[in-house]
Each structure stands twice: as structure tokens, then as C-alpha cells.
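Undergrad: sequence isn't available, so here's the structure alone:
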Ligand code: GLU
């Protein structure tokens, strides 16, 4: 059974980058009939808040990425403690007493010699007496995971292909602080084992972490999950700006972006597949494959998102949007109006045009023409093709054509120069309102 997890820290809102990660984890699980889990990485008690945790859940709901289960790391400290004790008993973790200033000094010395800032494992060489002396000074140890220098790190990344890291070129990672609190690295590996995660999909900023965590899986006697590290998002002109990178569901919602648009875009950018207007994310699953992801960064462009959003609004069925439309706006009205929308919210503007008499600024020379139009509209059969019938008759009677024929009518009926196809709009306005509007405009 395929199991993926999305593991945000509830220290802020979701932004476009981690929405994309969530989506890909969800897609992979759905594609394989598996489970998609939410794990809140809230070991940082100070910065994690329940408000952010709630916001993450509601953002996922808005996106339609509903987890099949969720856990919070802060509920799982007992598990981490037990695993930690086992690792300690086996010599896989060791206590260190250096202060952050002392570590900084070590890094500076290495940098001065042109060497990488790899921890020198001085703490491993401490004798019992040496440790006791530090403790007597009042120091409490932080803990490092001891990398196995003898075993090269290798994995076949589902996106990046074969990956190799030399553990000797990596520092033993600190996994626990002197106050007993946990850093991200070990709890994540413990959870991936405990939750039965089969695929870890995350940004390529985690590649080195993966190398370290692979050794943790081995030390805990478990086979690691498969890994897919995706190239990061960039803006259309290079690095993702702070503004673009911090856009979250609230901002997208305010812009009138449909979750389906965000999903259709984020599912495909950075892959060899084209971005297409798809209203049902399930339709994206078949072709979803890490083999189609490129190594080059994925370009995120807000204008592309807005354009895609409009294309999606144009094809959303009434049933999918009915609860967000103004009352009375039925399927025929929606079908008439949707080709004109960039966002669903604009439907309300057009519905107001249908329902409310416009403030029409018609030209004096059009008044007689509009009076005639009112007469024809009043006598016409409104069952079928009323716009064609009306404009056909007016054309024949007045000799007007093109703009002179259509524009005064549109203005008198809607108060606007542009808008939805009048073939579809006029029946929605209906005979009574249309005749009254034409008469009112003629009499102004
Ligand atoms: N909390 C980590 C992050 O947001 C999770 C990384 C992971 O997927 O393991 O970067």
C-alpha cells in the first residue's frame, strides 16, 4: 500500500511551494489507491501554533487535498524517546558539550584553512571523566547522530536519479538540543517508519537530509521509503520573489483563483506535460509520474495562473459552483455568463446586470431606434432566438447594421458596452424587464 505524507511545520501558513508538495504527495497516493497523511512537524513548541495547524487543515480542505489521517509530532515524544534510547544503547547517538560559540569557532578555523565545516567528532573522544567534568560545570549535552563513515550513501531518487553522498563529508547531525527538545531530523525518520510511509516527496532542499536520514533508517533496522526530491519553484524571471513565494490559499482565494486552477497548474509546471484546464484533479492522476519531472526549477507565474483560472471557470459545470452563485442563477444563466468571467465572483456582477435596471448612457440619436426595439420586443415570440429575431427585424426596418445595430441595444439592456453573448443574456433578462429597459432608454 502506497503511503505518502505531507509534513509542514505549523509555524506559518501554507505557501505556494508547500501547496505544491502537498499536492504531489496527494496525487501519488491517490494514483496508487494509497493513503495520504498529514503530519504536523510541531516539535518547535515555541513557534508552532494551533492557529497555524488549523489554517493548514482548512487550506488543505479548500484545495480538496483531504488527508486520510493525521498526526502531530508533539503527541509522539514518548515514541521518539524510546527510539532515541535504543539508538543510544547501540552507540548510534552521542552526547556533545560544545557551546554554539565553540562550534562557531571550530567552523571559522576550518574555513580559514579552506576546509568544509564538518564537525570534528571531538565529543566522541571524550572520556567518562571528561564528560563528568563538563557536567560538573553545569553543561548539559546536546546529541548527535553518528554517521557510518564506512558505508557510502546511495539512493535512486525518483526524480533526480541515482544519488551518492560520502558520509565522511557530512557532519554528524545534531538531533536533540541540550534542553531535550528535538530537531527535525530524527523524529521525521522515526515517523516515516512508524507511519509506514512508502514515498517521501519533498523539495530538493532536503537532499542532504535524506542522506543523513537514510543512515538513521538503517540504524533503526528499517528499510527506507523511496524518495522524490523536486526542483524548487522559481518566478517567471528567476528566483521566486518573497511576495510570490509567500502567496497562500487566502491570497489565491481573494484573487478569485479556483482550487482546481491552482492544482492544474502546480501538478504540471516543472514536468514535461502541458498545463491544461482541468476541473477535476482526478483527471490529472493517470499521467502523473515522477519520471516526467525535470531537474530544472519549475516556473510559477501568477499571470499564467490567472489565465488558466479563467479557462477553468469557463468550463466549470453549474453543479460544481451552484452554492457559490447568486440565488436564482440557474444552469442556463451560468452557461450564458461563464464564458465572460475571469473569476467566479464576477458572476454576481453579471447577475446584477440581468436583475437590475441599468444606468444606460444611450445617445440621443438612438432613442427612436430603441423605441422601435421596445415595440418589436413587446410583440415578439420570446420562446426562441429572441435576440436574433429582434436584431433581424430591427435591421430590416432601420437599415442599421453592425455596431449601430447592436451597441445601443446592449447599452440599453445591460448598461455596458461589452459582456456575455446577448443570445444567451437576453432570455435571462426576460421580456418584461427587457421591454421596460428599452422603453426607459428611449424616453431618457
Ligand atoms: N517539516 C519539514 C519541512 O517542512 C518536513 C520535510 C519532510 O518532508 O520531511 O521542511
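TA: Okay, I see it. These figures come from a predicted structure and were not determined experimentally.
Undergrad: distance check, the residue of the stretch 51-200 of the chain found nearest the ligand against residue 175.
TA: Nearest to the ligand in the stretch 51-200 of the chain, going by CB to the nearest ligand atom, is residue 188, at a distance of 4.8 Å. Bear in mind the C-beta positions are built from the backbone N, C-alpha and C, glycine included. Distance, residue 188 to residue 175, by CB to CB, to the nearest Å: 10 Å.
Undergrad: for this structure, which residues are neighbours of the ligand?
TA: 7, 8, 9, 41, 184, 188, 202, 206 (CB under 6 Å from any ligand atom).
Undergrad: repeat that for 5 Å
TA: Proximity of the chain to the ligand (CB under 5 Å from any ligand atom) is limited to residues 7, 9, 41, 188, 202.
Undergrad: the last one in helix, strand or coil?
TA: Classification of residue 202 by DSSP: H, G, I helix; E, B strand; the rest coil places it in strand.
Undergrad: ok so, going back, what subset of the residues of the chain next to the ligand is buried?
TA: Buried by 16 or more other CB atoms under 10 Å: 7, 9, 41, 188, 202, out of the residues of the chain next to the ligand.
Undergrad: inside strands: which ones of these?
TA: Using DSSP state E, residue 202 are the members of those that sit in strands.
Undergrad: of the buried ones among the residues of the chain next to the ligand, which belong to helices?
TA: Those of these mapping onto helices are residue 188, per DSSP state H.
Undergrad: SS state for residue 37?
TA: State at residue 37, reduced to three classes by three-state DSSP: strand.
Undergrad: without its sequence neighbours, what residue ends up closest to it?
TA: Computed as CB to CB, 6 or more residues apart in numbering, the closest residue to residue 37 that is not its neighbour in sequence is residue 5, at 4.3 Å.
Undergrad: including pLDDT, could the residues of the chain next to the ligand go into JSON lines?
TA: Shown next, in JSON lines, are the residues of the chain next to the ligand (pLDDT from 0 to 100):
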{"residue": "7", "pLDDT": "98"}
{"residue": "9", "pLDDT": "96"}
{"residue": "41", "pLDDT": "97"}
{"residue": "188", "pLDDT": "98"}
{"residue": "202", "pLDDT": "97"}
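Undergrad: of those residues, just say which sits nearest to residue 298.
TA: Nearest to residue 298 out of the residues of the chain next to the ligand is residue 202 (CB to CB; 14.0 Å).
Undergrad: contacting residues for the residue nearest to that closest one when sequence neighbours are not counted?
TA: Nearest non-adjacent residue to residue 202, counting by CB to CB, 6+ apart: residue 21, 5.9 Å away. Counting by CB atoms under 8 Å, 6 or more residues apart in numbering, residue 21 touches 6, 201, 202, 203, 230.
Undergrad: are any of those residues buried, and if so which?
TA: 6, 201, 202, 230.
Undergrad: tell me what the third one is bridged to.
TA: So the one you mean is residue 202. Per DSSP bridges, the residues bridged to residue 202 are residue 229.
Undergrad: wait, doesn't it sit right on residue 229?
TA: Yes: when contacts are counted by CB atoms under 8 Å, residue 202 is listed as touching residue 229 (6.4 Å).
Undergrad: below-threshold pLDDT in the stretch 301-444 of the chain: ranges please.
TA: Counting by pLDDT under 70, the stretch 301-444 of the chain shows no low-confidence range.
Undergrad: please, where are all the helices along it?
TA: In the stretch 301-444 of the chain, helices defined by DSSP state H, counting those that start in this stretch lie at 302-315, 318-321, 331-337, 346-355, 367-379, 386-398, 402-414, 422-429, 431-443, listed in chain order.
Undergrad: tabulate those helices (a markdown table), appending mean neighbour count.
TA: Converted to a markdown table, the helices of the stretch 301-444 of the chain look like this (neighbours: other CB atoms under 10 Å):
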| stretch | mean neighbour count |
| --- | --- |
| helix 302-315 | 18 |
| helix 318-321 | 14 |
| helix 331-337 | 18 |
| helix 346-355 | 18 |
| helix 367-379 | 18 |
| helix 386-398 | 16 |
| helix 402-414 | 19 |
| helix 422-429 | 20 |
| helix 431-443 | 19 |
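Undergrad: mind putting those helices into a markdown table with distance to residue 48?
TA: Listed next are the helices of the stretch 301-444 of the chain as a markdown table, based on distance: least, CB to CB, whole Å:
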| stretch | distance to residue 48 |
| --- | --- |
| helix 302-315 | 29 |
| helix 318-321 | 35 |
| helix 331-337 | 42 |
| helix 346-355 | 38 |
| helix 367-379 | 64 |
| helix 386-398 | 59 |
| helix 402-414 | 52 |
| helix 422-429 | 51 |
| helix 431-443 | 56 |
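Undergrad: tabulate the contacts of residue 21 (CSV), appending distance to residue 331.
TA: CSV is the format used below for the contacts of residue 21 (distance: CB to CB, whole Å):
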residue, distance to residue 331
6, 36
201, 39
202, 42
203, 42
230, 40
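Undergrad: of those, which is the nearest to residue 159?
TA: residue 230 (5.8 Å).
Undergrad: what's the local residue count around residue 361?
TA: The tally of other residues near residue 361 (other CB atoms under 10 Å) stands at 11.
Undergrad: same check, this time on residue 131
TA: 17.
Undergrad: now the spatially closest residue to residue 196 that is not a sequence neighbour: phi and psi?
TA: Nearest residue to residue 196, sequence neighbours excluded (CB to CB, 6+ apart): residue 3, at 5.1 Å. The phi/psi pair for residue 3 (degrees, to the nearest 10) reads phi -130, psi 120.
Undergrad: dump the residue contacts of residue 3.
TA: Counting by CB under 8 Å, 6+ apart, residue 3 makes contact with 29, 34, 35, 37, 195, 196, 197, 198, 199.
Undergrad: where do the strands of the stretch 1-150 of the chain begin and end?
TA: 3-6, 35-40, 69-72, 93-96, 142-145 (DSSP state E, counting those that start in this stretch).
Undergrad: helices and strands around the third one, which ones?
TA: Contacts of strand 69-72 with other secondary structure elements, assessed using 3 or more CB pairs under 8 Å, 6 or more residues apart in numbering; DSSP states H and E, are made with strand 35-40.
Undergrad: which among the buried ones among the contacts of residue 21 gets closest to the ligand?
TA: The closest of those to the ligand turns out to be residue 202 (CB to the nearest ligand atom; 3.9 Å).
Undergrad: could you measure from the closest residue to residue 95 other than its chain neighbours over to residue 79?
TA: Nearest in space to residue 95, with sequence neighbours left out and distances taken as CB to CB, 6+ apart, is residue 141 at 3.3 Å. Applying CB to CB, the value for residue 141 to residue 79 is 21 Å.
Undergrad: the two: who's more crowded?
TA: The neighbour comparison of residue 141 against residue 79 (other CB under 10 Å) goes to residue 141, with 18 against 15.
Undergrad: so what's that one up against?
TA: Residues near residue 141 by CB under 8 Å, 6+ apart: 95, 96, 97, 123, 131, 134, 178.
Undergrad: give me the pLDDT for it.
TA: We have a pLDDT of 98 for residue 141.
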